[in-house]
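>>> sequence unknown, structure follows:
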């Protein structure tokens with residue numbers, strides 16, 4: 001049935017009376033009229049007969065659905081707008097595009113949200129010590145200087161096909177020793193500067209560095225040629241030329257599986273002393289390491305003699321060591337005597353007249369003592385001959401050593417080595433050499449008693 005006076009609800013199509021009439025139960029029985037709005041409620045009920053006239057029934061047919069316009073908005077269901085108006089309305093697709101475009105514009109003008117950085121303990125320490133090390137680049141005042149040289153890591157044992165049980169286990173002088181020295185210097189920097197946990201200058205995100213550092217650290221790249229006058233004055237031009245040549249051939253010889261310590265032929269027909277294969281080695285980077293070590297020593301000497309700074313002492317963390325190397329023969333992993341070259345450099349550059357070598361090591365510095373004796377002896381001869389020209393005199397050197405008499409180079413009981421490691425002479429014949437042997441101890445108190453009575 002149709003209700004022409006009623007209005008459609010939301011989403012409900014307006015029905016056309018011409019298309020929604022329903023056929024009666026009989027073809028010739030008229031349908032009762034539809035009451036008007038004013039009489040629909042007050043009209044009495046229509047009487048119905050209990051019996052209905054039989055009639056021929058037909059199958060009811062459903063009314064066809066109303067035709068909808070193919071538009072994508074709710075207003076199209078009412079049919080109250082024209083196709084031209086529908087085309088002007090934005091489709092859902094266009095609305096989404098506009099929305100995305102608006103979001104992109106808003107995102108472009110939006111300030112980024114900075115997430116707070118959560119610092120860990122290593123992060124705080126890294127930032128703290130980076131500031132401390134940055135101060136080293138300035139003219140910071142420090143009485144002590146620590147010198148490092150990266151080239152010294154290059155000198156290493158490189159012989160192929162060397163088993164751990166053969167020679168490799170005996171190579172105790174290696175780049176790791178230098179790394180251990182650097183770690184020791186870092187530990188001293190933390191402890192002496194009170195940067196440890198609970199210390200006065202412990203790392204903290206809000207703490208800034210203040211005050212001078214406990215000592216200054218300098219990484220140098222300076223090299224001192226092995227043929228420099230201050231080097232050849234100690235080791236001679238012939239031996240330094242041979243060493244330079246051996247270093248130049250070391251890489252090629254090792255690649256061929258040959259011995260890198262093979263010496264060149266002697267010009268006078270006398271066979272040269274062979275180098276000990278167990279405690280000496282060379283590689284392609286050895287020469288740069290040797291000259292870098294000497295350059296670090298020269299830097300330290302210049303810093304101590306520089307009147308513009310307050311540096312009065314320096315620690316040079318370089319390798320290989322030098323106190324077993326004599327004037328013309330290397331030994332005990334030592335190819336150059338760094339200390340004596342440094343003293344000669346100080347004499348030639350800054351006018352050094354006297355020096356003392358205090359050698360505290362498990363081993364006796366036989367090379368350093370031998371060079372000391374030789375150079376002091378030359379000064380003694382010049383003085384005895386009346387040649388007192390100070391410009392031609394080398395510095396007077398005193399050598400003092402604290403070592404174990406049963407360790408290298410005296411472990412085999414060699415007479416000459418043991419006697420040299422036990423020599424004590426004071427201000428005689430221009431010599432001042434004193435050796436002290438380490439004693440065994442069983443308690444801390446006993447050690448400190450030995451320190452006060454014998455070592456101090």
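Looks like it arrived, so ask away. None of these values were measured; they are calculated from a predicted model.

>>> which parts of stretch 226-246 are buried?
For stretch 226-246, burial by neighbour count (16 or more other C-beta atoms under 10 Å) applies to 226, 228, 230, 231, 232, 233, 234, 235, 239, 240, 243, 246. C-beta coordinates here come from the backbone N, C-alpha and C atoms, glycine included.

>>> other residues contacting that stretch?
Residues from elsewhere that reach stretch 226-246, judged by C-beta atoms under 8 Å, 6 or more residues apart in numbering: 224-225, 260-264, 282, 287, 290-291, 294, 327-328, 335-337, 340-341, 344-345, 348-349, 371.

>>> stretch 449-456 now?
Here stretch 449-456 makes contact (C-beta under 8 Å, 6+ apart) with 402, 436, 439, 441.

>>> now these: which count as buried?
Using 16+ other C-beta under 10 Å as the burial test, the contacts of stretch 449-456 include residue 402 as buried.

>>> looking at the contacts of stretch 449-456, spot the one nearest residue 125.
residue 402 (36.5 Å; C-beta to C-beta).

>>> surely that closest one touches residue 434?
No - taking C-beta atoms under 8 Å as the definition, residue 402 is not a contact partner of residue 434, at 9.6 Å.

>>> can I get the contacts of stretch 449-456 in JSON lines with pLDDT, distance to residue 254 and secondary structure?
Formatted as JSON lines, the contacts of stretch 449-456 follow (pLDDT from 0 to 100; distance: C-beta to C-beta, whole Å; DSSP: H, G, I helix; E, B strand; the rest coil):
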{"residue": "402", "pLDDT": "97", "distance to residue 254": "37", "secondary structure": "strand"}
{"residue": "436", "pLDDT": "97", "distance to residue 254": "41", "secondary structure": "strand"}
{"residue": "439", "pLDDT": "95", "distance to residue 254": "43", "secondary structure": "coil"}
{"residue": "441", "pLDDT": "95", "distance to residue 254": "44", "secondary structure": "coil"}
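
>>> out of the contacts of stretch 449-456, which comes closest to residue 408?
Taking C-beta to C-beta as the measure, residue 408 sits nearest to residue 402 out of those, at 14.9 Å.

>>> low-confidence regions, the stretch 201-350 of the chain specifically.
Along the stretch 201-350 of the chain, segments meeting pLDDT under 70 span 209-210.

>>> show me where it has strands.
Ranges of strands in the stretch 201-350 of the chain, per DSSP state E, counting those that start in this stretch, are 216-219, 313-317.

>>> flag every buried residue along the first one.
Spelled out, it's strand 216-219. For strand 216-219, by 16+ other C-beta under 10 Å, it's 216, 217, 218.

>>> do the last one as well
Of the residues in strand 313-317, 314, 315, 316, 317 count as buried by neighbour count, 16+ other C-beta under 10 Å.

>>> got it, and stretch 320-331?
Using 16+ other C-beta under 10 Å as the test for burial, stretch 320-331 gives 320, 321, 322, 323, 324, 325, 326, 327, 329, 330, 331.

>>> so what touches it?
The contact list for stretch 320-331 (C-beta under 8 Å, 6+ apart) reads 152, 155, 173, 234-236, 239, 273, 275-276, 279-280, 289-290, 293, 332-341, 359, 361, 363, 365-368, 370-371, 374, 409.

>>> residues near residue 110, how many?
The local packing of residue 110 (other C-beta atoms under 10 Å) involves 9 other residues.

>>> for it, which residues are in contact?
Applying C-beta under 8 Å, 6+ apart to residue 110 gives no contacts.

>>> stretch 246-259: how far from the chain's middle?
For stretch 246-259, the separation from the chain centroid amounts to 33 Å (computed by C-alpha atoms, centre = their mean, to the nearest Å).

>>> of the contacts of stretch 226-246, buried ones?
Buried among the contacts of stretch 226-246 by 16+ other C-beta under 10 Å: 224-225, 260-261, 282, 287, 290-291, 294, 327, 335-337, 340-341, 344-345, 371.

>>> filter the residues you listed down to just the ones in helices.
Among the buried ones among the contacts of stretch 226-246, the members falling in helices (DSSP state H) are 287, 290, 291, 294, 340, 341, 344, 345, 371.

>>> domain parsing for the protein?
Domain ranges of the chain: 119-352, 354-456, per automatic domain parsing.

>>> how far does the shortest one sit from the chain's center?
When distances are taken as C-alpha atoms, centre = their mean, domain 354-456 is centred 41 Å away from the chain's centroid.

>>> straight-line length of it, end to end?
22 Å (C-alpha to C-alpha, to the nearest Å).

>>> mind listing what residue 424 touches?
Counted by C-beta under 8 Å, 6+ apart, residue 424 has contacts 433, 434, 435.

>>> follow-up on the earlier one: how about the buried residues of stretch 226-246 in JSON lines, adding distance to residue 419?
Converted to JSON lines, the buried residues of stretch 226-246 look like this (distance: C-beta to C-beta, whole Å):
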{"residue": "226", "distance to residue 419": "31"}
{"residue": "228", "distance to residue 419": "34"}
{"residue": "230", "distance to residue 419": "31"}
{"residue": "231", "distance to residue 419": "29"}
{"residue": "232", "distance to residue 419": "30"}
{"residue": "233", "distance to residue 419": "28"}
{"residue": "234", "distance to residue 419": "24"}
{"residue": "235", "distance to residue 419": "24"}
{"residue": "239", "distance to residue 419": "25"}
{"residue": "240", "distance to residue 419": "29"}
{"residue": "243", "distance to residue 419": "29"}
{"residue": "246", "distance to residue 419": "31"}
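
>>> nearest to residue 378, of those?
Nearest member of the buried residues of stretch 226-246 to residue 378, counting by C-beta to C-beta, is residue 233, at 10.9 Å.
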